[in-house]
Structure formats: structure tokens, C-alpha cells
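Chemist: Build the 3D model from these lines:
(one chain, ligands or ions: 2)
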Amino acid sequence: MTSRRRIDSAALRASPAFRLIDRRRCIRLTSLVFARVAVGFLDLLLAAALYLLFLRLQSVSPIKHSRWTPHTILATVALTGALVVIRALLDVLSTWLASRQIQGLYNELLLRLIHGYSKMRWERFVERNRSELLSHATHVAREAADFYHRWVELIASTIVVIIMAAALFYQSPIAASALCASVILFYILHRSAISARLQRAAFLREQSMRDLQKDIADVLSAGREIRAYRNHAFFFRRISQHSGRLSECNLRIVILPQIVRILADQGVTLLFLCIVAAVELKHGDTRQLLSLLVFYFALSRRLLPLISQIFFILGQMEGSYENVLTVDSELQDCLRNEIPVSLPHLPSGDFALELRLVTYSFDPNAPILQHVSLHLRVGQTMVLRGVSGSGKTSLLNIIAGVSQPTSGTVYVDRARIAYVPQEILLLDDTIRNNLLFGLPAKSDAEIRKALTAARLEDFVALQPLGLETEVGDNGILFSGGERQRLGVARAILRGADLLLLDEATSALDEENERQLLENVRVSGVATILVTHRLHKLPIAQREFLLQGGRLIEHHPTRSVGNDNGVVELEEDFESKLGCDHDAQYLSSSAALGEIIRTGCTPS
Ligand SMILES: Nc1ncnc2c1ncn2[C@@H]1O[C@H](COP(=O)(O)OP(=O)(O)OP(=O)(O)O)[C@@H](O)[C@H]1O
Ligand SMILES: [Mg+2]
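Modeler: Ligands and ions are numbered 1, 2, ... in the order given. This next block holds a predicted model:
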């Protein structure tokens, strides 16, 4: 535990770039650096081999007293040829390995983000914008992974440049010094004139990208409202503003490193000319000049582009580092807001659900639920009512384990719950896959049974493709009632012990709703039904009202007692409410209806 904490704190201190990758990935990236350096080293050998060959072709011996025979020439040619092949193979192999590593890293970051978001506390998750999360998991994670590719290339290029500069120094200290001086000059220029501008552009680009994605997501999901209100122009203006800002940032991010590259290219060409002049002045031997030029040319073929590449990569890294910071802060946020692990609390005896003094709040000063207690027997059904915003959905979220109570305990078998939320989410897939929703395959007979119970069998039978019919983006091809019934069928197919229906039949006509709920009742599954409907529902064995954060059981007549297996609540809610006339008022169905209609208790 102590060592874990020590590792954690050490990891926290480390830079975000190192925090994102584990030790294994770090070793792999380092070996890629070696592979890329080896390619550069082979270039150097190649330059040396060509130099020797050209010396021989000019009949100048590079080493005193050595004798060049036709065999040694052939051997040098063969060796140079082999070097060319090995270099090409290593180049291809290391490029392939690097791309594979970066693709793997992207997949890892993507999965870590998705895992983090799906394990995030509900309250934090709903604060976040979905399109922003989507962008983080796709574009931002991709750019963050690319940062490491650039990092490998940068380190490898720098090492190769140092090796080549050393070789150059061996050949001509003046040329090497000129090279070093120009690189340092260039670096200072880059840091002072380009680096800060690039960082700022990268930051603004991420911001504009987020805004643009939010706008696009809004336009696409509010398609119906936009058509109805005919306000395309407003959304169009918003999008064009953000996309304009994004293109400006993109332009800067593309152009600034290019300026650096162009300057570096021309600078090093001038430098190359200086080297030739220096060699000429120093050696004064025109016979050697050609072979030396070959050496420098072979070197410069790699050296010059490498120097400009280093500055280009540096510029790109300034941009992609912003994405590394974003992914890192997202993962930290996920960790900080992870759903706490809690031991499962199973209900006792023949109860399907027990709530003991559950309190829940977004704002500690205004709790949504206060000391709510409830016992629900296996197979029992209850209706939960309450004015809009009274906390019905919050209560179901807590029971289903979507949210965690601020205090109190929920005793329920979470593996045996089926939940139909207020807004059904349908996958852009077939009816079958929407019903299964990740379940291992179920037989057609089981699926048909669930469809029948949800009063959707006839509708599916009328579809030319039956269960294979596509439902469209979030079920847009289906009516509101059909979408809801699909959601209910999905829940029934789970064969759960406790069914939570949050206004899951609000879009159905009265007859269909009555029949569907009767089917649920007959199935013997304990059910909590949230509804605003006032008509008498056949399945309601118990009725509750959520008001002021308290759960109040409604007894049609006080003498009914426990006829339907009703268990009296542990708390005396009437006295807890501290409002006797409210409790008396609740004892009449008509009054209950009045509260629901008006949202307040009459004085
Ligand atoms: N993420 C959130 N942050 C802060 N407050 C929230 C959040 N989600 C819901 N609330 C508030 O909690 C209260 C209860 O919301 P809830 O959705 O549980 O009400 P409800 O009874 O289901 O309402 P309705 O009948 O309209 O569906 C509301 O006042 C709502 O504004
Ligand atoms: Mg609700």
C-alpha cells in the first residue's frame, strides 16, 4: 500500500507526457529511437563507403601504403550495395514498427478514456458535453499519440545529427563549427519567434474545435426544432464563426513549422556551400574535392533534411503537446470522479428492494431526497408520483446504481435490475440488436415473448425485415410510443427481478399502456412505475408520492393495512414531514391528484 502510494506520487510528479505511457510502452518507444538512429548511422557508413570508392576511382589512396586491388573495389561496391539494402530494410521496418506502436498507443488512450468516462460518477458525467468527450476520445487521443511518434523522430534525428556532426568535425572542424553555430542560432530563433505562437495557436485550435463540435452536435440533434422554428441562419452563423476561428488556428499551425522548415532548408544549403568553400580553401586539392563533395553530399542528403526536420517536428510537437495535456487531465478527472467501489448489499428475505434512510443531493444545501426508506417485496408493484423535479428519476437512478446516495443504503441485487429510463436510447442498429443490447444471443421465441409483453409484436411482424429492421439514429424511424415499447421489451428480455419504469409508457395510448402494465404485473416482476398519469392503473398495489425530498405512501383507506403484502415503512413519515394536515390530506385520492396537478399542497 505504502509503495503503491509512493509510486503514485512519483507518477504524479512526472511530466504528463510520461504519465500517459507505462514503462513497457516507454521501452518500446526507446527501442524505436535506437532503430531510427541505426538507420542514420547506416547513412553515415554509406557516405564513408562512397567516399572511399570515389577516392579509389580518382586513384587517390585514403590510407597511406594501402593497395587497392580490383577485388577490394568489388568488395567495397558489394559492401556499399549491402549497406543500401540493409538501410532500406531497417528504414521500412522501423517506420512500420513506429506506426504500429503509435496506432497501439492511440487504441490504448481511446480505451482508457472510454473506460474512464463510463466509470465516471453520473453527476460529473452529465456535467460534461458529449460531443466534447467524443472529440477527446477520437481526435485529441489521436493527436496525443502522434506526439510520441514525433518524440521518437525528434530524439532519433537529434542523435543522428550529433553523430553526423561529429563525423563532419573529424573531416572539417570549421565546417562542423559553422554547422553547430547555425543550429544554435536557429534554435534561439525558433524559441523566441515561433514556439510561443505555436503553443497559443494549438491552445486556441483545441478550444475552437470543441466549440465547433458542440455546435455541430447541437445542429444535428436539434434537426426537428431547427426546421420547426426555421432558425437555420442562427446556427449556421454560429458554426461559421467557430469554423472560421478554427481555420485561422489551423493555418497558423501548418504555416509556422513550414516557415521554420523553409528557413532551415535554405540555411543549411548555404551552410553546405560554406563547407565546400572551406574544404577548397583548406585542402586546395581539386582532385580530392570531388570525393569530399560525395562524402558531404551523402551526408547532407540526410543531415540537411534532418536538421530542418528537427525544427519542423519541434513545431508540430508544440501543437500536439496540448493534446497530451488534455488526455492526461481527462484521465485524471476520470480517476478523481470514479464511482466508488462499494460492497453489494443484497435485500433480505423475500424483498426485491430495501432503501434505508437514503439521502441524495447535487447541492448539499438542497437535498433532492431526504432519509427515504422503502421496502418492496418480490413481485410487488408500486407507482411513484410527484411533481416535475421532485426527484423521481434521481431515486430510480440510485436504485439502479447509476448514481450513489449521499448517505443511506440501498439493498438490491443490481445484476437483476432492468431500467427503462425517461428518455430511451436506441442504437442505430436493428430491432434485434436493440433488444439484446449486449446480451448474449437469445432465441427468437424469447424475443417474441418480450415483444408480446411490450405490445410490440404486431408492429415488428408488419415490418418487411422483422427483427432485422433498422431503427435509425436513436430510433428516429419509429414513433415515440414504438421507441418506448422497444425500451420496455429490452428490459423485459433481461428477465430481471426488479423493473424500473420511468414514465416508460407516457407516449402510449391508455389502452396499450393498461395492457402493457397488466402484462408486466402478470409476469410477477417487482416493479416501480413512475408516472404522471392520473388514471387508475391495474398494477398499482402501492402508491407513493415524492414531495419535498420525502417519500410518502398513500393509503386509499387507512384500514387496508397489509392486504397486498404491503410492509409499513420504517419511518413515521407523517410525523417526519412535521405536517399533519399534509398527511391527512394525502389520505384522499382526490387530494393526491390535486397535489400532482398543481405541484403544491393546498393551505
Ligand atoms: N446533474 C444535475 N445537477 C444538478 N441538479 C440536477 C441534476 N440533475 C437533476 N437535477 C435536479 O434534481 C431535481 C430532481 O430531478 P429529477 O430528474 O429526479 O426529477 P423528476 O422528479 O424525475 O422530474 P420529472 O418528472 O420532470 O422527470 C430537479 O430539480 C433537477 O433540476
Ligand atoms: Mg424524471
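
Chemist: what about the helix or strand encompassing residue 56, distance to the chain center?
Modeler: In the assignment (DSSP states H and E), residue 56 maps to helix 23-57. Offset of helix 23-57 from its chain centre (CA atoms, centre = their mean, to the nearest Å): 38 Å.

Chemist: Now do the next helix or strand after it against helix 23-57, angle only.
Modeler: Next helix or strand after helix 23-57 toward the C-terminus (DSSP H and E): helix 70-118. Using axes from the mean of the first three to the mean of the last three CA atoms, to 10 degrees, the inter-axis angle of helix 70-118 relative to helix 23-57 is 160 degrees.

Chemist: Distance from whichever helix or strand comes after helix 70-118 to the middle of the chain?
Modeler: Counting by DSSP H and E, the next helix or strand C-terminal to helix 70-118 is helix 122-125. On the basis of CA atoms, centre = their mean, helix 122-125 sits 15 Å off its chain's mean C-alpha point.

Chemist: What's the first helix or strand after helix 122-125?
Modeler: Later in the chain than helix 122-125, the nearest helix or strand by DSSP H and E is helix 130-135.

Chemist: helices or strands next to that following helix in the packing?
Modeler: Here helix 130-135 touches helix 196-221, going by 3 or more CB pairs under 8 Å, 6 or more residues apart in numbering; DSSP states H and E. (Glycine included, C-beta is placed from N, CA and C.)

Chemist: So which residue is smack in the middle of the chain?
Modeler: Central residue of the chain (CA atoms, centre = their mean): residue 137, 2.9 Å from the mean position.

Chemist: Tell me the confidence at the closest residue to ligand 2 within the chain?
Modeler: Closest approach between the chain and ligand 2, counting by CB to the ion: residue 393, at 3.2 Å. At residue 393, the pLDDT value in this model is 96.

Chemist: what's around it, how many residues?
Modeler: 20 (other CB atoms under 10 Å).

Chemist: Enumerate every residue touching it.
Modeler: Shown in contact with residue 393 (CB atoms under 8 Å, 6 or more residues apart in numbering): 421-422, 502, 530.

Chemist: From these, pick the one nearest ligand 1.
Modeler: Using CB to the nearest ligand atom, the shortest approach to ligand 1 within the contacts of residue 393 belongs to residue 422, at 5.6 Å.

Chemist: Surely that closest one is in contact with residue 502?
Modeler: Yes: Residue 422 is within contact range of residue 502, at 4.5 Å (criterion: CB atoms under 8 Å).

Chemist: Mutual contacts of those two, please.
Modeler: 393, 530.

Chemist: Please give the element, helix or strand, for the residue of the chain closest to ligand 2.
Modeler: In this assignment (DSSP H and E), residue 393 forms part of helix 392-400.

Chemist: Any residue of that helix touching ligand 1?
Modeler: Yes: interface with ligand 1: helix 392-400 contributes 392-394 (CB under 6 Å from any ligand atom).

Chemist: and that helix, how far from the chain's centre?
Modeler: 26 Å.

Chemist: which stretches of the stretch 401-550 of the chain form strands?
Modeler: Per DSSP state E, counting those that start in this stretch, the stretch 401-550 of the chain carries strands over the ranges 407-411, 417-420, 498-502, 526-530, 542-547, 550-554.

Chemist: how many other residues sit next to the nearest residue to residue 512 once chain neighbours are set aside?
Modeler: The shortest distance from residue 512 to any non-neighbouring residue, by CB to CB, 6 or more residues apart in numbering, is to residue 455 (5.3 Å). By other CB under 10 Å, the residues close to residue 455 number 22.

Chemist: and the stretch 301-450 of the chain, which residues reach ligand 2?
Modeler: Taking CB under 5 Å from the ion as the contact definition, the stretch 301-450 of the chain meets ligand 2 at 393, 422.

Chemist: in the stretch 301-450 of the chain, which segments are predicted with low confidence?
Modeler: For the stretch 301-450 of the chain, the stretches with pLDDT under 70 are 301-302, 304.

Chemist: How about the stretch 501-603 of the chain?
Modeler: In the predicted model of the stretch 501-603 of the chain, residues 534-539, 556-603 satisfy pLDDT under 70.

Chemist: shouldn't residue 524 be in contact with residue 379?
Modeler: Yes: with contact defined as CB under 8 Å, residue 524 counts as touching residue 379 (4.6 Å).

Chemist: Give me the more crowded residue out of the two.
Modeler: Each of residue 524 and residue 379 has its neighbours counted (other CB under 10 Å); residue 379 has more, 16 against 12.

Chemist: List the residues that contact the more buried one.
Modeler: 352, 524-526.

Chemist: Can you pull the phi and psi angles for it?
Modeler: phi 80, psi -10 (degrees, to the nearest 10).

Chemist: repeat for residue 476
Modeler: phi -60, psi -20.

Chemist: Please apply the same query to residue 422.
Modeler: Taking degrees, to the nearest 10, you get phi -60, psi -40 for the backbone angles of residue 422.

Chemist: quick one: it from residue 158, how far?
Modeler: 58 Å (CB to CB, to the nearest Å).

Chemist: Between those two, which has more neighbouring residues?
Modeler: Using other CB under 10 Å, the more surrounded residue of residue 422 and residue 158 is residue 158, with 17 against 14.

Chemist: Can you report how many residues neighbour residue 364?
Modeler: By other CB under 10 Å, 8 other residues sit near residue 364.

Chemist: er, residue 351 I mean
Modeler: Going by other CB under 10 Å, the residues that sit close to residue 351 add up to 18.

Chemist: Surely it touches residue 374?
Modeler: No: with contacts counted by CB under 8 Å, residue 351 stays clear of residue 374, the gap being 9.9 Å.

Chemist: Which positions in stretch 125-138 come out as buried?
Modeler: Buried residues in stretch 125-138, counted by 16 or more other CB atoms under 10 Å: 125, 131-133, 135-137.
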